[in-house]
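1. Dropping the sequence and predicted coords here.
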Amino acid sequence: DSGVTQTPKHLITATGQRVTLRCSPRSGDLSVYWYQQSLDQGLQFLIQYYNGEERAKGNILERFSAQQFPDLHSELNLSSLELGDSALYFCASSGDRALSGNTIYFGEGSWLTVV
Amino acid sequence: TQLLEQSPQFLSIQEGENLTVYCNSSSVFSSLQWYRQEPGEGPVLLVTVVTGGEVKKLKRLTFQFGDARKDSSLHITAAQPGDTGLYLCAGSSGSARQLTFGSGTQLTVLP
């Protein structure tokens, strides 16, 4: 158990719909990362938040957005869903580099299927 | 865009055999990590290498970071069925901790 909690674990929705994926980082971790894993693209970095502020952006589509709340949990919002958005979405968290080095802890992922 | 290429993509071996997985890039990384991912779970960190030429051992697993910090290898000695999983290398640059992942090597160790 990494300590990173993601909900829901599985989600099936129709094209054009909007979903929200939720992540609770490890206790005390200020950084939250979102990754997308698909068969054809592998694991792709989407976005990082640090203590409520966006820190870095990767290959995140404009239809997707994220935020990190004052209690440090994060949400990834996926809208106007397309079949190609079907993937496993991971949240990860990390703490202070001086204390935890480069270790990033991944949750178990949210399986999204768009039909 | 930094890319990490892993080879082989798939590897199926018998218990007791040795194997090596390679991770190559044209870019320099400040550190490189190896993860193992099992079905239904997120990637779990195995090791981080930061110094060119560095070698780290974790029981039967040996990790090496290339001198130029562009490539890495993972060698498993006497593989066991419990080693089965998706092995991913991931690089990070500078102070950023967002990772660039390789395409992965799916290892199956048959009893």
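-> Noted; the coordinates are in hand. Residues are numbered from 1 along each chain as shown, chains lettered A, B, ... in the order given.

2. so where's chain B shaky on pLDDT?
-> Scanning chain B for pLDDT under 70 picks out the ranges B:1-2, B:94-97.

3. residues in it within reach of chain A, list them.
-> With Cβ under 8 Å from any Cβ of the partner chain as the criterion, chain B comes near chain A at residues B:31, B:33, B:40-45, B:48, B:50, B:88, B:90, B:92, B:96-104. C-beta: built from backbone N, CA, C; applies to glycine.

4. Show the buried residues in these.
-> Buried subset of these (neighbour count, 16 or more other Cβ atoms under 10 Å in any protein chain shown): B:31, B:33, B:41-43, B:45, B:48, B:50, B:88, B:90, B:92, B:97-104.

5. What's the local residue count around the nearest residue to B:Leu3 once chain neighbours are set aside?
-> Sequence neighbours aside, B:Ser25 is the residue nearest to B:Leu3 in space, at 6.2 Å (criterion: Cβ to Cβ, 6 or more residues apart in numbering or on different chains). For B:Ser25, the count of nearby residues is 21 (other Cβ atoms under 10 Å in any protein chain shown).

6. can you check B:Lys57 too?
-> 12.

7. And for B:Ser12?
-> Look at B:Ser12: counted by other Cβ under 10 Å, it has 12 neighbours.

8. Please name the bridge partners of it.
-> Note on B:Ser12: beta-bridge partners B:Thr108, judged by DSSP bridges.

9. Wait, it touches B:Leu110, no?
-> Yes: if you go by Cβ atoms under 8 Å, B:Ser12 and B:Leu110 touch, sitting 6.7 Å apart.

10. Tell me the first helix or strand C-terminal of the helix or strand bottoming out on mean pLDDT in chain A.
-> Each helix and strand of chain A was given a mean pLDDT (mean pLDDT, DSSP states H and E); the minimum falls on helix A:97-100 at a mean of 60. Beyond helix A:97-100 on the C-terminal side, the first helix or strand identified by DSSP states H and E is strand A:105-106.

11. Relative to that following strand, what are the paired strands and their orientations?
-> For strand A:105-106, pairing defined by DSSP bridges yields strand A:87-94 (antiparallel).

12. can you pull the buried residues of the partner strand?
-> Neighbour counts using 16+ other Cβ under 10 Å place A:87-94 of strand A:87-94 among the buried residues.

13. How far off centre is it?
-> The gap between the average C-alpha position of strand A:87-94 and the chain average comes to 4 Å, counting by Cα atoms, centre = their mean, to the nearest Å.

14. Next: stretch B:31-43.
-> Worked out by Cα atoms, centre = their mean, stretch B:31-43 lies 9 Å from the chain centre.

15. Grab the nearest non-local neighbour of the residue most central in space within chain A.
-> The structure's chain A has its C-alpha centroid closest to A:Trp34; by Cα atoms, centre = their mean the separation is 3.0 Å. For A:Trp34, ignoring the flanking residues on the chain, the nearest one in space by Cβ to Cβ, 6+ apart is A:Leu46 at 4.2 Å.

16. what's the distance between A:Ser80 and A:Gln44?
-> 19 Å (Cβ to Cβ, to the nearest Å).

17. Distance across stretch B:78-86, terminal residue to terminal residue?
-> Distance across stretch B:78-86, first residue to last, is 18 Å (Cα to Cα, to the nearest Å).
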